[in-house]
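1. next come a sequence and a model predicted from it.
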Amino acid sequence: MVDGLRTVWILSHDDALIASARNAVQPVDGWEVATFASAEELLAAPPVGGDVLLLDAWMRDRNIYEFCRELSGRVRARMYVAVEMGNRTAVALARFSGAAGVLERPLNPTRMRSLIEGAGPKTRPLPEDGRKASSEGGGNDLPQSLLADLRTGQPDSSLVSATIDPETGLFNYAFLGYKVDEEFKRARRFELPLAFVMAGFESQAEESVLRELTGIFLDSSRDTDVLGRFDENTFLFLLPNTGPDGAAIMAQRVTEAVEARGLRDLVGDPLTLSVGIAHYPAPDLERREDLFQRVHDALMEARHKGGGVVQCQ
């Protein structure tokens, strides 16, 4: 790569795909196209932040979506998958696998240029800029929408049952454990901020109330956040690339929305939400278990105070 240039990296054996990418990128100042001869070469020298990585779904020697999962957390470039035109399942599958999206072949030069012109280093939006301003209205995209069967485009029932909590539609405890490990490794490897938010209430609630609570959580979060049900009345949220201020914004919006909705528990008492926050990096925090313990302790402190938000320092 020439100094000062950013790169669209391509993993493909399709000369036509590579040529069309070069034609699209060539007129854009500051950009070049380079290729990887193999997945092993890519893994040995992964692209850096600010670059774009295009993976060809037609690669015959591996499942490209599984490879996306392998790369997730190991590369800082934005990943896209090149797919055939009209593939309705590819977007959801690519997103679930860790890619930013798909590009249909033949590559559209306008789409390609728009993608790379928005990919370079720039000031990240403040955490509140990436969150919805209100929990009123709006559709709630539950995690099931990402678990699509390749052949039908419908949610795969086996994946849904294995990863989704049936009462709330959020990720279940088992899948949360996997995501905690994944997100913590990514944050530590690339020195990125990561926030844990744990919310809960001490009573019991009807399923309709749980679903309304879920809607509040989803409307107060970004699509990159991981929302899960930890136990009967406790929820754990993983907020990648989010520092203490961004986590506090989410927590405050959730508690305010719960109070505004007037949610009630099983016996009719007002549902009081307690929220704990912990973040990485922090002093003496080296393991995911330490981060979890801190967010749990913060939640217990909030409950002891009768509700509200407590942030671990």
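-> Yep, it's here.

2. which stretches of the chain have low pLDDT?
-> 1-4, 73, 88, 96, 117-162 (pLDDT under 70).

3. domain ranges for it?
-> The chain resolves into domains spanning 6-117, 130-311 when parsed by automatic domain parsing.

4. as TSV, the ones you listed with mean neighbour count would be great.
-> Quick note: C-beta positions are derived from backbone N, CA and C, even for glycine. As requested, the domains of the chain are arranged in TSV below (neighbours: other Cβ atoms under 10 Å):
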stretch	mean neighbour count
domain 6-117	17
domain 130-311	18
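
5. mind listing the helices for the stretch 101-250 of the chain?
-> When secondary structure is read from DSSP state H, counting those that start in this stretch, the stretch 101-250 of the chain shows helices at 109-117, 157-163, 173-190, 207-219, 244-261.

6. and Ala45, which of the ones you listed is closest to it?
-> Each of the helices of the stretch 101-250 of the chain was scored for nearness to Ala45 using Cβ to Cβ, and the closest is helix 173-190 (15.6 Å).

7. contacts for the closest one, please.
-> Outside helix 173-190, the residues within contact range by Cβ atoms under 8 Å, 6 or more residues apart in numbering are 72-74, 76, 162-165, 171, 192-194, 226, 228-231, 236, 238, 240, 280-281, 288, 291-292.

8. next, Phe44: phi, psi?
-> One thing to correct before we go on: residue 44 is Ala, not Phe. Taking degrees, to the nearest 10, you get phi -70, psi -30 for the backbone angles of Ala44.

9. ditto for Leu17
-> Here Leu17 shows phi and psi, under degrees, to the nearest 10, equal to phi -60, psi -40.

10. just checking, it touches Ala82?
-> Yes - look at Leu17 against Ala82 with Cβ atoms under 8 Å: they come within range, at 5.9 Å.

11. shared neighbours of the two, anything?
-> When Cβ under 8 Å, 6+ apart defines a contact, the residues bordering Leu17 and Ala82 alike are 56, 105, 107.

12. can I assume the second one is in contact with Ala19?
-> Think Arg105. No - the pair Arg105 and Ala19 fails to qualify as a contact (Cβ under 8 Å) at a distance of 11.6 Å.

13. what residues does the helix or strand hosting Cys68 touch?
-> Taking DSSP states H and E as the definition, Cys68 sits inside helix 64-71. When contacts are taken as Cβ under 8 Å, 6+ apart, the neighbours of helix 64-71 outside the stretch itself are 39, 42-43, 46, 53, 55-57, 59, 79, 81, 93-94, 96-99.

14. restricted to strands, list those.
-> Counting by DSSP state E, the members of these that fall within strands are 53, 55-56, 79, 81.
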